[in-house]
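Enquirer: Pasting a predicted model and its sequence here:
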Amino acid sequence: MGTIRLTTAQALVRYLAAQQIENEGKVESLFGCAFAIFGHGNVTCLGQQLFENQSVFPTWRGQNEQSMALAATAYARAHQRRRIGIATSSVGPGATNMITAAGVAHTNRLPLLLLAGDTFQSRLPDPVLQQAEHFSNPSLTVNDAFKAVTRFWDRINSPSQLTVALPQAIATMLDPADCGPAMIALPQDVQGQAWDFPESFFEPKVHRIRRPQPEAIDLALAADAIKASKRPLIIAGGGVVYSGAREALTQFAEKHQIPVIETIAGRTLLDDKHPLNCGPVGATGSNSANHLCYEADLVLAIGTRLQDFTTGSWTLFRDPDMKLISINAGRFDANKHMAQSVIADAKAAIVPLSEQLDTWTTESGWVDKAKAEKAAWNDIVNARTAATDTELPSYAQVIGKVNALTQEGDRVITAAGGLPAEINMNWQTRHPYSLDVEFGFSCMGYEIAAGWGNKIARPEYESIVMVGDGSYLMMNSDIYSSVLTGHKMIVFVCDNGGFAVIRKLQTNTGNVAFNNQLEDCTTERHYDLPRVDFVSHARGLGANAEKLTNLNELEAAYARAKASDRTYVIVVDIDDTVWSSCEAWWEVGLPEVTDNENIIKARDQWEQGRQHQRRGV
């Protein structure tokens with residue numbers, strides 16, 4: 001067996017460049033891009049190797065380590081987990097800035113490769129710049145903090161360890177059950193150390209996403225339970241998206257006449273006009289979906305981890321004998337809340353399950369009820385998204401306008417704040433995969449960075465970011481990144497003067513408005529309330545920008561944004577008192593002891609909702 005002498009950094013990048021993936025008969029590089037901010041710890045060795053492999057995966061320069069790792073996460077989501085982005089940082093704060101992004105990828109089950117510089121393995125120069133010393137454990141560095149938010153973690157203390165670490169990291173990121181971020185810590189001295197690697201280690205390898213197959217007995221039991229039901233309901237989650245099972249799901253629902261409701265991660269799987277699409281589910285969902293949950297005697301959850309926003313903190317399912325069947329590639333998710341589990345890929349389970357059901361269909365009365373509920377919900381959405389000639393529109397009115405303007409392939413990206421709920425409730429799907437709503441980790445600052453990553457993944461389509469003023473102020477520098485690299489986005493900044501949705505939660509639970517809206521903040525100023533000039537700020541970052549004075553200007557502004565040769569920011573003031581809602585309960589922690597009568601009243605109301613909460617873990 002031949003060998004080749006390479007440094008750790010050389011071998012690392014050469015191996016990554018040799019990895020390929022087959023998707024629907026097309027073979028392409030597994031790692032489609034890298035994001036880097038260089039410093040001591042990744043510039044002298046790793047940086048040069050990234051430069052030499054630009055033809056395989058280009059390296060884009062971010063402005064913040066967190067945001068570039070978020071961009072890499074959105075890149076993977078845009079590719080439905082079939083391609084992976086890399087993010088690399090220097091030691092210390094450069095590395096820890098990526099921890100939040102790792103949390104986003106981990107929570108949302110998305111692949112992300114993090115390569116962080118580390119202190120010297122030899123320890124001879126200790127303590128080095130940016131090293132956080134631990135007196136009782138000298139081997140501990142800040143990179144150990146990633147262990148809580150990664151699926152795979154390793155520190156390379158010898159070049160030879162790459163031959164074990166890299167295949168396992170990739171296997172984890174491509175595993176349908178364990179998919180998530182992988183973190184590899186790279187001590188500065190080890191990056192430059194050499195070893196005689198087997199030449200075979202660098203041979204091109206074509207990966208294929210495996211499809212875990214269901215056990216025959218699990219399918220049979222699931223089919224028996226469905227056949228015994230009178231009011232079955234499908235909850236479609238992100239696992240359906242990542243499995244590529246949208247068509248299979250649609251055919252299954254149509255053949256057996258089972259209503260379908262969608263989680264946030266599964267949103268836009270079915271066209272809004274599909275007769276079996278009964279809307280989004282949960283605390284930020286629809287009355288139509290939630291009312292069906294109240295009465296369902298069987299719930300078939302496909303590819304969802306059943307987050308509290310999906311289940312209304314487990315109060316939506318009110319039939320005491322409701323049977324929960326969970327199809328999921330992950331054992332942990334499939335076995336939640338006393339579910340009858342089918343541990344399998346969504347597509348691999350849906351097709352044979354349909355065969356087991358044969359010609360069985362749901363009773364027509366249940367389907368008729370589902371259609372009536374959805375029609376009533378559509379009337380509500382149409383009323384609140386209806387465009388009006390107003391200077392201060394609601395979120396829903398802006399969303400309605402944007403919804404009507406998007407074309408097939410375009411994607412709207414948002415996260416945290418009030419926008420995820422407003423978009424989830426009010427979006428009427430005309431094109432599949434038209435939303436990326438990060439509401440798993442609910443990470444403020446994801447939006448603009450993710451818009452950049454999405455555009456890199458899907459350059460031929462519009463990347464449309466909807467961001468609140470609060471999130472914009474937290475992380476906006478990738479507006480400049482998009483201008484610098486030529487990845488144009490359209491960014492809607494919805495300015496409601498602070499953290500309005502949290503103010504709503506605050507006041508709805510009996511508390512006094514404090515420290516959320518700008519006017520409620522502690523201040524020692526002796527001048528008028530300052531407001532950010534988002535148009536000037538965006539222009540300062542190199543983007544084109546304008547502010548609407550009336551909602552009826554939005555369509556023309558969007559046309560200018562589409563025609564722009566660079567990122568275009570559209571600012572619109574939002575009425576912070578108008579919110580969309582649905583009938584659902586969501587558990588929040590309220591004090592058991594207080595002298596505040598408003599809080600006591602709010603707690604009593606909250607406890608009434610708890611009576612429907614499903615027991616079990």
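Expert: Perfect, I can see it now. Numbering: from 1, shown residues only.
Enquirer: what's the offset of stretch 310-323 from the middle of its chain?
Expert: 24 Å (C-alpha atoms, centre = their mean, to the nearest Å).
Enquirer: Quick one, grab the pLDDT at the residue most central in space within the chain.
Expert: Centroid check for the chain by C-alpha atoms, centre = their mean gives residue 438 as the closest residue, at 3.5 Å. Model confidence at residue 438, given as pLDDT, is 97.
Enquirer: That one and residue 414, how far apart?
Expert: According to C-beta to C-beta, to the nearest Å, residue 438 and residue 414 sit 7 Å apart. For every residue, glycine as well, the C-beta is placed using N, CA and C.
Enquirer: pLDDT weak spots in this protein?
Expert: Residue ranges of the chain with pLDDT under 70: 616-617.
Enquirer: Swap in 80 and give it another go.
Expert: Low-confidence segments of the chain, defined by pLDDT under 80: 1, 615-617.
Enquirer: Show me the domain layout of it.
Expert: 3-207, 216-377, 386-573 (automatic domain parsing).
Enquirer: end to end, how far does the shortest one reach?
Expert: The one in question is domain 216-377. One end of domain 216-377 sits 39 Å from the other (C-alpha to C-alpha, to the nearest Å).
Enquirer: can you pull out the strands in the stretch 301-450 of the chain?
Expert: With strands called from DSSP state E, counting those that start in this stretch, the stretch 301-450 of the chain shows them at 323-328, 340-343, 411-415, 435-438.
Enquirer: coming back round to it: any shared contact partners between residue 438 and residue 414?
Expert: Common contacts of residue 438 and residue 414 (C-beta atoms under 8 Å, 6 or more residues apart in numbering): 420, 447.
Enquirer: Would you mind writing the CA trace of stretch 561-569 as PDB?
Expert: Output of stretch 561-569 as PDB, limited to C-alpha atoms (Å, rounded to 0.1, in the frame of the first residue of the first chain):
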ATOM      1  CA  ALA A 561     -35.500  44.700  -5.600                       C
ATOM      2  CA  LYS A 562     -35.800  41.900  -8.200                       C
ATOM      3  CA  ALA A 563     -34.200  44.100 -10.800                       C
ATOM      4  CA  SER A 564     -31.300  45.200  -8.500                       C
ATOM      5  CA  ASP A 565     -27.800  43.900  -9.100                       C
ATOM      6  CA  ARG A 566     -27.100  43.500  -5.400                       C
ATOM      7  CA  THR A 567     -28.900  42.800  -2.100                       C
ATOM      8  CA  TYR A 568     -31.900  45.000  -1.700                       C
ATOM      9  CA  VAL A 569     -33.400  46.000   1.700                       C
END
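Enquirer: quick one: contacts of it?
Expert: By C-beta under 8 Å, 6+ apart, the surrounding residues in contact with stretch 561-569 are 462, 479, 482-483, 486-491, 493, 534-535, 538, 542-546, 560, 570.
Enquirer: Name the residues of it that come out as buried.
Expert: By neighbour count on 16 or more other C-beta atoms under 10 Å, the buried set for stretch 561-569 is 561, 567-569.
Enquirer: What residues does the residue nearest to the centre of the chain make contact with?
Expert: For residue 438, the contacting residues are 104, 108, 413-416, 420, 446-447, 450, by C-beta under 8 Å, 6+ apart.
Enquirer: where's it relative to residue 346, distance?
Expert: Residue 438 sits 21 Å away from residue 346, going by C-beta to C-beta.
Enquirer: Of the strands of the stretch 301-450 of the chain, flag the one that's most buried.
Expert: Using mean count of other C-beta atoms under 10 Å, the stretch among these with the largest mean neighbour count is strand 411-415, at a mean of 28.
Enquirer: got the CA coordinates for it in CSV?
Expert: Taking C-alpha atoms only, strand 411-415 is exported to CSV below (Å, rounded to 0.1, in the frame of the first residue of the first chain):
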residue,chain,number,x,y,z
ARG,A,411,-37.6,30.8,-0.6
VAL,A,412,-38.7,33.0,2.3
ILE,A,413,-36.4,32.8,5.4
THR,A,414,-37.2,33.9,8.9
ALA,A,415,-36.5,33.0,12.5
